[in-house]
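Trainee: one predicted model, sequence on top.
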Amino acid sequence: MAKANSHEIRVKDGRLVALNVLKYAILTLGAFIMMFPFLWMVLTSFKSLDEAIAIPPKWFPSLLRWENYQHVWTLAPFSRYIINTVICCVLHVAGTVLLSIFGAYGFSMYEFRGKKILFAIFLATMMVPGELLIIQNYITISKLHLIDTFAAVVLPTFASGFYIYMLREHFMQMPPALYKSAKMDGTSNRRFLWKIMVPMNKNVIATIAILSFVSQWNAFLWPNLVTQTSKTQQISTGLIAFQSAASSNVQYLMAGSCIMLVPMVLFYIIFRKQILEGVAGGTGIKG
């Protein structure tokens, strides 16, 4: 009986090991498939033109041609594009975080007529694709004479129903007794917000800042519509002008794409913990 039991245990352990090996093999293959376009882009950026368009494909460059990046930097004003992108990202993060804090604080701590209806409208905006609002937003920005300005890029993107909802759920987890005690001590609502609520929820606020920074850096359609010159164009939209300058030189196109993507990859590596925790917390909290 003991031998039979030990044999069954070995069989089960063997099956478990086989399933684990299969699982990790599938995950490794999936990770490689997801990473392959990025790896191919990086490798191609160091190739010569002949190597970049070779058939059959040449996987690795015979020599790392760093001069490709030097040449790309002269074909388009990438330094201007990067500065513009950073300015828009900072403005977008500041506006989004402030509006999210004020909106979440109002919906969580105040009682007013129509509160539930108004909050339901905010939630409904999460179901509306941003592309549906482009025409009306463009008309509004045009009437305000803000075309080809940083304000045109960031103003329509400040309000976010998702961020307000996420921060509101964290604010509502604060003990009601804490607010009552602060009011009894004579603390104003403004002071309670900035001295108590914001510091106690700094992690989720930092997550909102990180996610909004990433979304603005990767924004393309709206900035492409409202920016017309290099003085306001972001790096994502500047790549269009660069594409015509690079012509059919694939290696230069790949180098330009790397210049855009590598900062975001490094940004994600640095803040990956906060991003994953914030997204998981935002989608897992109870409403």
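Mentor: Good, I have the coordinates.
Trainee: who's in contact with Lys231?
Mentor: Neighbour list for Lys231: Arg80, Asn84, Asp148 [criterion: C-beta atoms under 8 Å, 6 or more residues apart in numbering]. Where C-beta positions appear, they are placed from N, C-alpha and C, glycine not excepted.
Trainee: kindly list the main-chain dihedrals of the second one?
Mentor: With angles defined as degrees, to the nearest 10, Asn84 shows backbone torsions of phi -60, psi -40.
Trainee: three-state assignment of Leu43?
Mentor: helix (DSSP: H, G, I helix; E, B strand; the rest coil).
Trainee: which residues sit in contact with it?
Mentor: Applying C-beta under 8 Å, 6+ apart, one finds that Leu43 lies in contact with Trp59, Phe60, Pro61.
Trainee: switch to 10 Å and redo it
Mentor: Taking C-beta atoms under 10 Å, 6 or more residues apart in numbering, we find Leu43 in contact with Glu51, Ala52, Pro57, Lys58, Trp59, Phe60, Pro61, Leu64, Gln251, Met254.
Trainee: and for Phe46?
Mentor: Taking C-beta under 10 Å, 6+ apart as the test, what Phe46 contacts is 52, 60-69, 251, 254-255, 258.
Trainee: tell me which helix or strand the residue nearest the centre of the chain sits in.
Mentor: In the chain, the C-alpha nearest the mean C-alpha coordinate belongs to Val214, at 3.0 Å (C-alpha atoms, centre = their mean). Assigned by DSSP states H and E, Val214 falls within helix 202-218.
Trainee: quick one: the strands in the stretch 51-200 of the chain?
Mentor: Under the criterion DSSP state E, counting those that start in this stretch, the stretch 51-200 of the chain contains no strands.
Trainee: all the helices of it, residue numbers only.
Mentor: Remark: helices assigned in the stretch 51-200 of the chain by DSSP state H, counting those that start in this stretch are 67-75, 78-109, 115-125, 134-143, 150-154, 161-171, 176-184, 189-192, 198-200.
Trainee: helices or strands up against the fifth one?
Mentor: Contacts defined by 3 or more C-beta pairs under 10 Å, 6 or more residues apart in numbering; DSSP states H and E place helix 150-154 against helix 78-109, helix 134-143, helix 221-226.
Trainee: now do that helix: distance to the chain's middle.
Mentor: On the basis of C-alpha atoms, centre = their mean, to the nearest Å, the separation between the geometric centre of helix 150-154 and that of its chain is 18 Å.
Trainee: on that earlier part again, nearest to Thr125, out of the helices and strands packed on helix 150-154?
Mentor: helix 78-109 (11.6 Å; C-beta to C-beta).
Trainee: dump the contacts of Lys231 to CSV, plus pLDDT, distance to Val265 and neighbour count.
Mentor: Below are those laid out as CSV (pLDDT from 0 to 100; distance: C-beta to C-beta, whole Å; neighbours: other C-beta atoms under 10 Å):
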residue, pLDDT, distance to Val265, neighbour count
Arg80, 88, 22, 16
Asn84, 92, 20, 23
Asp148, 90, 30, 15
